[in-house]
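**Q** How does the following fold in three dimensions:
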Amino acid sequence: MTRYARRYRRIARRLSRLELMETSMAALDALDDPRTLFDEAGPRRFLDYYGDEGLRTALERYGVLAAAEERGYRDIAIVTRADDDRHTLIVRASHPALVEPATLVEVVVRRDRLVPDPALGLSRLFEVLTVDWTTLRHPAGRFSPDRPRLPGQDAPGLGLGEHVLELLYRVVDRLRLDALLTVAEYFHNAVLYRRELGYFDPAHGGRCLALEEALLARERLTLAQASWAIDWGHVREGDQVVRWTGEAQLRAFDDELVRHVTSDEHRRAVREHAARLSFAFDRAAFEAQWHAEAPVLEGREG
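**A** Here you go, the predicted model:
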């Protein structure tokens, strides 16, 4: 549960279906084929539910737009597009420190099905919202020694991760889906997600836990350092360099799925898998590369 769970649930109860499905005339006029103006279904909505005006209303009510404005952003634009089953939500804005408007938020999602291994004993397929891509950028911000660049980042984080995660929970609930599912592109993403989204497969959860214990607990690295250590190839398992591969992490809403991922048996399996793994860290090589890269990572270049 995020810090915003109770407040967001309260707001969600006050948002009607009609409000969320509202679509502006501008969206209608933007259609490539004018014949679709007379289509009974109208323009395609985000996840075939949310209209453009409905999304703005939701982001305003939940306080996401206000949080962006507190960071100095103005003229906030919300853009959506659909490519078959993949739906993209983009939030762009201007800032006094920027030459032109920039992307703050980009989320790519799709409705999907989770097909469990029959050996798990689950009774059915599960309808899920899969997050294929998320970026939360603060392009007017700067990296610092306290908040260095992370693998995959071209700008500091926006600091709205919990807001967006809670919004996605509300989407899952609104669409009556069984879970929110994502795959972490980098180690640091997986660690941050794991506070809210457990691994569906305990073997994968055990691997992430073992890496956390080796790098964060034993080697005393920061999360940023640990993620770079893996990205740079300074972590080994036996004779093999560890290459990060994300696996399914989810927040279950269906009762059967909740019981599966939160059961004592599942937790025990995660710990047992973690206990079987051993990782070696090349500290000398890492520290040499960290020292060389620090000016860029910590925003001190130039």
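**Q** Would you state the helices of the stretch 101-250 of the chain in chain order?
**A** Counting by DSSP state H, counting those that start in this stretch, the stretch 101-250 of the chain has these helices, from start to end: 161-174, 187-194, 202-212, 223-231.
**Q** Would you mind saying which of those helices lies nearest residue 181?
**A** Shortest separation from residue 181 across these is recorded for helix 161-174, at 9.6 Å, computed as Cβ to Cβ. In short, each C-beta sits where N, CA and C put it, glycine included.
**Q** residues touching residue 135, list them.
**A** Neighbour list for residue 135: 103, 105, 106 [criterion: Cβ atoms under 8 Å, 6 or more residues apart in numbering].
**Q** So which elements touch the longest strand anywhere in the chain?
**A** Longest strand in the chain by number of residues (criterion: DSSP state E): strand 102-114. If contacts are counted by 3 or more Cβ pairs under 8 Å, 6 or more residues apart in numbering; DSSP states H and E, strand 102-114 sits against strand 86-94, strand 126-136, helix 161-174, strand 179-183.
**Q** Can you say which of these is packed in most?
**A** Stretch with highest mean neighbour count among these: strand 179-183 (a mean of 22; mean count of other Cβ atoms under 10 Å).
**Q** Let me know the secondary structure of the closest residue to residue 46 other than its chain neighbours.
**A** Nearest-residue entry for residue 46: residue 80, 4.5 Å, with adjacent residues in sequence omitted and distances by Cβ to Cβ, 6 or more residues apart in numbering. The three-state assignment at residue 80 reads strand, by DSSP: H, G, I helix; E, B strand; the rest coil.
**Q** which residues does the nearest residue to residue 164 once chain neighbours are set aside contact?
**A** In space, residue 164 comes closest to residue 136 once its chain neighbours are excluded; the distance is 6.3 Å by Cβ to Cβ, 6+ apart. Taking Cβ under 8 Å, 6+ apart, we find residue 136 in contact with 104, 105, 157, 158, 159, 160, 161, 164.
**Q** Let me know the closest of those to residue 64.
**A** The closest of those, once distances to residue 64 are taken by Cβ to Cβ, is residue 160, at 6.5 Å.
**Q** Am I right that the closest one is in contact with residue 63?
**A** No - Residue 160 is beyond contact range of residue 63, at 9.6 Å (criterion: Cβ atoms under 8 Å).
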